[in-house]
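Colleague: How does the following fold in three dimensions:
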Amino acid sequence: MVVDYNGEQFVIELKIWRGSAYHKKGEQQLAQYLEHYHLKKGYLLSFNFNKKKASGIRHVQVGEKLLIEAIV
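Modeller: Numbers count the residues shown, from 1 in each chain. As a prediction, this is how the structure comes out:
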């Protein structure tokens, strides 16, 4: 999802948690979107329906791109 707000663009990737390997692919996909839009920072929102999930927000560096990830 690309949000245009107040003259800025924000790229937000929405995912359903389907394991670590799928999550890593989502990070790479978001980094590619950021490259396409010439942005350095993007957002990844993962919906995890596991009972013992580790929810929270973290910062991940993928190459030169900064991903702000939230797991809910």
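Colleague: So L14, which state does it fall into?
Modeller: Look at L14: counting by DSSP: H, G, I helix; E, B strand; the rest coil, its state is strand.
Colleague: Could you measure from it over to K52?
Modeller: Here the criterion is C-beta to C-beta, to the nearest Å. By it, L14 lies 22 Å from K52. C-beta coordinates here come from the backbone N, C-alpha and C atoms, glycine included.
Colleague: Compare neighbour counts for these two and give me the winner.
Modeller: L14 (11 against 5; other C-beta atoms under 10 Å).
Colleague: ok, for the more buried one, nearest residue in space, not its chain neighbours?
Modeller: In space, and not counting its chain neighbours, L14 is closest to L45: 5.2 Å by C-beta to C-beta, 6 or more residues apart in numbering.
Colleague: Touching, that neighbour and I16? I think so.
Modeller: No: between L45 and I16 no contact is recorded; they are 10.2 Å apart, counting by C-beta atoms under 8 Å.
Colleague: neighbour-wise, which of those two wins?
Modeller: L45 (14 against 10).
Colleague: Report the beta-bridge partners for that one.
Modeller: Using DSSP bridges, the bridge partners assigned to L45 are L14, A70.
Colleague: what residues are up against it?
Modeller: I12, E13, L14, K15, E69, A70, V72 (C-beta atoms under 8 Å, 6 or more residues apart in numbering).
Colleague: Right, I'll leave it there.
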